[in-house]
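>>> here is the input, now give the coordinates:
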Amino acid sequence: MSASFWIAFWWSVFVGAHMVLSSLPVRQRLVAALGEKAFLGLYSLIAFATFILLVSVYLDHRHAGGLLWNLVVFPGVRHLAMLLAVAGIAMVVAAVIQPSPALVGMKGAPVTRGLTRITRHPLFMGIALWAFSHLLLNGHATDALFFGGLLFFSLIGARHQDERKRVTDRERLGPFFAKTSFWPFGAILAGRNRIDWRELPWLALAIGAAAAVGIYALHPWMLAR
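Numbering: from 1, shown residues only. The predicted model follows:
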């Protein structure tokens, strides 16, 4: 079997397990049988194990398979990709510091502020930006499957979470959903929200951007065979 097959296989297992275990009928039955903490432990173990196997296969077969595209030959593409990668990592770090009320495990009255005025899923969108930036620079089959899968999972995972929360947490999150958008800037363009620059977690964004620059500088060492 080719490396592309195994990357696609482990993505299918990872995404499939995530979607099945987090679907309402399966989740409710398992929680009733195991308890909330045991279910979360099982869910985390399966997700961690399958993702580690996926990453391991990809790292052993980077830039393999046929070349599907080579966008770096076009002026500006490399700089655009680097900018998107920095923005993605900065958003992920900031989303950890200023988490969205729509994330799993969040309780209390939801407040629309900072990043959630832009998108109610800053964590997922940050990962999606990072994945897309790598797709621009890496056009081989294994790269396309790995980063394309990460982009797909980030978006479909956020959408799946929205659909489940609309059912299980509709009363708490109803006003939050009404004022926010799945896609970045959607609610702002629709006139349901506005950007308040003072609310943005600037320190966290700066730390994330600095981390992204550091990761880029360490790329040759981190990815050395």
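>>> excluding residues flanking it in the chain, which one is nearest residue 89?
Leaving aside its chain neighbours, residue 89 sits nearest to residue 212 (3.9 Å; criterion: CB to CB, 6 or more residues apart in numbering). Glycine gets a C-beta too; all of them are placed from N, C-alpha and C.
>>> so where is the protein shaky, pLDDT-wise?
105-106, 220-225 (pLDDT under 70).
>>> would you map the helices across it?
With DSSP state H, the ranges of helices along the chain come out as 3-22, 24-34, 36-60, 77-97, 115-118, 122-137, 141-168, 170-179, 186-189, 202-217, 219-222.
>>> circling back: hmm, the residue nearest to residue 89 is touching residue 90, no?
Yes: contact criterion CB atoms under 8 Å: residue 212 and residue 90 qualify, at 6.4 Å.
>>> before we move on, the earlier item: closest to residue 108 out of the helices of the chain?
Closest approach to residue 108 among these (CB to CB): helix 170-179, 8.3 Å.
>>> next, the buried residues of that closest one.
Buried residues in helix 170-179, defined by neighbour count with 16 or more other CB atoms under 10 Å: 173, 176, 177.
>>> how many residues are close by the closest residue to residue 127 other than its chain neighbours?
Closest residue to residue 127 apart from its sequence neighbours, by CB to CB, 6+ apart: residue 154 at 4.5 Å. Residue 154 is flanked by 22 other residues according to other CB atoms under 10 Å.
>>> contacts only, for residue 31.
Residue 31 makes contact with residue 39, according to CB atoms under 8 Å, 6 or more residues apart in numbering.
>>> and it, how close does it get to residue 23?
Here residue 31 is placed at a distance of 12 Å from residue 23 (CB to CB, to the nearest Å).
>>> distance of the residue of the chain positioned farthest from its centre from residue 168?
Distance to the chain centre peaks in the chain at residue 33, reaching 29.8 Å (criterion: CA atoms, centre = their mean). Distance of residue 33 to residue 168, computed by CB to CB: 18 Å.
>>> same thing with residue 123?
In terms of CB to CB, residue 123 sits 19 Å off from residue 168.
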